[in-house]
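In: Any chance you could fold what I've pasted below:
(one chain, ligands or ions: 1)
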Amino acid sequence: MKAIRVHAPGGPDALRYEDVPRPTPGPSQVLVKIEAAGVNFIDVYQRTGLYKVPMPFTLGQEAAGSVAAVGPGVTEPKVGDRVAYTSILGAYAEYAVVPADRVVALPDGVSTKQGAAAMLQGLTAHYLATTTYPLKSGDACLVHAAAGGVGLLLCQVAKLRGARVLGTVSTREKAALARAAGADEVILYTEQDFEPEVKRLTNGAGLRVIYDSVGKTTFEKGLSCLAPRGVMVLFGQSSGPVGPFDPQVLSQKGSLFLTRPTLAHYIVTRAELVARAGEVLGWIKSGRLKLRIERELPLAQAAEAHRLLEGRKTTGKVLLVP
Ligand code: NDP
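Out: Numbering: from 1, shown residues only. All right, here's what the predicted structure looks like:
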């Protein structure tokens, strides 16, 4: 089968389209024939070596398709079932072996490609807004990179929970998309300093929570935008990692809370995975949550997908189709 492999850390050209043996499911595993794999920023971090993975490896953390075979002892899912999964390495491929208890069944009314697009970014938006800081009606929150893959979904989930959503984006086109996703106010942080803008838009009160996936260029300034006892949720670093940090700053800026969450710890048990995915897929089915599948590229063009994502050229989901 074909797969995208990384043999050494590097730029997009480090992605190699290769032939590898089709894997066989062992006990408690299933073989998924992948219809689409999601492209996510974590794939970039793993390709460049920012996140360490033993080399060589097949990239990709998210996919959907149909069950092609099941290993010994597996009763659910069954061959032919449509399933999706996230946080298992090896999705940029025609087939992948996945633990049976890590796949979720796709409901009728949600396409397999929607399933591939929803699992990583959708479940992330879900846990950030419902669990890390459970937004409630009237809370003012800031979503950085509001027109990105996670950003567009997070704006929508925040609105479902009744929050007031401020978003940052780099271009006017992205601003329009963030607004369409529910952002009440959008700041072009490439043209305006977002700190005084946030203060103006909140009448000096500041924010209950910031969802920051941009990191290096936004983190420090964000701390000055929070209300006393506000929550800084740093969940990514698309502009680069945040440097060393003195916890005393949290006291000086208003007894703030800082957390650095990651999806894997919010889907630890099967019950939590199924509940979170069930709610997200249910919202998609009912139309309450709109996925923006912006681009579908052939698997062989994974390097181009990475160039677009890293180059801030994407707004929403990019899928690779084997
Ligand atoms: P996005 O679609 O959001 O793409 C990244 C966006 O970041 C860009 O479009 C851009 O938006 C913004 N950005 C700001 N500065 C830069 C820069 N210097 N270089 C590149 N992009 C920049 O990607 P994803 O939705 O896949 O992921 C968003 C973030 O969320 C990533 O940091 C990712 O690691 C993180 N994440 C974390 C998870 C977790 O559980 N912790 C799970 C999922 C994602 P603009 O042009 O508007 O500035």
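
In: Residue 273 contacts residue 266, correct?
Out: No. Using Cβ atoms under 8 Å, residue 273 makes no contact with residue 266, being 9.0 Å away. All C-beta atoms are positioned from the backbone trio N, CA, C, and that covers glycine.

In: Get me the contact residues on the stretch 1-150 of the chain for the ligand.
Out: 40, 41, 42, 120, 121, 124, 145, 147, 148, 149, 150 (Cβ under 6 Å from any ligand atom).

In: Going through those residues, which ones are buried?
Out: Buried members of those, counted by 16 or more other Cβ atoms under 10 Å: 40, 41, 42, 120, 121, 124, 145, 147, 148, 149, 150.

In: element containing the last one?
Out: What that stands for is residue 150. Element membership for residue 150, per DSSP states H and E: helix 149-160.

In: That helix: what's the following helix or strand?
Out: Using DSSP H and E, the helix or strand that follows helix 149-160 in sequence is strand 164-169.

In: Report the inter-axis angle for that next one versus helix 149-160.
Out: 160 degrees (axes from the mean of the first three to the mean of the last three Cα atoms, to 10 degrees).

In: What is strand 164-169 packed up against?
Out: Under the contact criterion of 3 or more Cβ pairs under 8 Å, 6 or more residues apart in numbering; DSSP states H and E, strand 164-169 touches strand 140-143, helix 149-160, helix 172-180, strand 185-188, helix 194-201.

In: ok, and what's touching the last one?
Out: It refers to helix 194-201. Here helix 194-201 makes contact (Cβ atoms under 8 Å, 6 or more residues apart in numbering) with 142, 166, 168, 185, 187, 206, 207, 218, 221, 224, 225.

In: Got the confidence number for the last one?
Out: According to the predicted model, the pLDDT of residue 225 comes to 98.

In: do you know which of the helices and strands packed on strand 164-169 lies nearest residue 75?
Out: Proximity to residue 75, assessed across the helices and strands packed on strand 164-169 by Cβ to Cβ, is greatest for helix 149-160 (32.7 Å).

In: mind giving me the domain ranges of the protein?
Out: Annotated domains of the chain cover 2-120+267-321, 136-260 [automatic domain parsing].

In: ok, back up a step: so residue 273 and residue 266 - more neighbours on which side?
Out: Under the criterion of other Cβ atoms under 10 Å, the comparison of residue 273 against residue 266 puts residue 273 first, with 21 against 18.

In: Just the CA trace of the longest strand along the chain, in PDB.
Out: Scanning the chain for the longest strand, with DSSP state E as the assignment, gives strand 29-39. Only the C-alpha atoms of strand 29-39 are listed here, as PDB (Å, rounded to 0.1, in the frame of the first residue of the first chain):
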ATOM      1  CA  GLN A  29      -7.300  -4.300  16.600                       C
ATOM      2  CA  VAL A  30      -9.100  -3.400  13.400                       C
ATOM      3  CA  LEU A  31      -7.800  -2.700   9.900                       C
ATOM      4  CA  VAL A  32      -9.300   0.500   8.500                       C
ATOM      5  CA  LYS A  33      -9.400   1.200   4.700                       C
ATOM      6  CA  ILE A  34      -8.900   4.900   4.800                       C
ATOM      7  CA  GLU A  35     -11.200   7.100   2.700                       C
ATOM      8  CA  ALA A  36      -9.700  10.400   4.000                       C
ATOM      9  CA  ALA A  37      -7.100  11.500   6.400                       C
ATOM     10  CA  GLY A  38      -7.100  14.800   8.200                       C
ATOM     11  CA  VAL A  39      -4.100  17.200   8.000                       C
END
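
In: any idea of the mean pLDDT for that strand?
Out: Here the average pLDDT along strand 29-39 is 98.

In: and the angle for that strand with helix 149-160?
Out: If you take the same axes, to 10 degrees, strand 29-39 sits at 90 degrees to helix 149-160.

In: which secondary structure elements does strand 29-39 contact?
Out: The contact analysis (3+ Cβ pairs under 8 Å, 6+ apart) places strand 29-39 against strand 62-70, strand 82-86, strand 95-99, helix 112-127, helix 302-310, strand 317-321.

In: of the ones you listed, which approaches residue 287 most closely?
Out: helix 112-127 (11.7 Å).

In: how about CSV for the domains of the chain, with distance to residue 128 added?
Out: CSV is the format used below for the domains of the chain (distance: least, Cβ to Cβ, whole Å):
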stretch, distance to residue 128
domain 2-120+267-321, 11
domain 136-260, 6
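
In: The most centrally placed residue in the chain: what's it in contact with?
Out: Centroid check for the chain by Cα atoms, centre = their mean gives residue 121 as the closest residue, at 2.9 Å. Residues near residue 121 by Cβ under 8 Å, 6+ apart: 38, 40, 149, 150, 153, 317.

In: Report the contact partners of the closest residue to the fifth one other than its chain neighbours.
Out: The reference is to residue 153. Once flanking residues are discounted, residue 153 sits nearest to residue 125: 3.8 Å by Cβ to Cβ, 6 or more residues apart in numbering. Contacts here follow Cβ under 8 Å, 6+ apart; on that basis residue 125 touches 150, 153, 154, 156, 157, 280.
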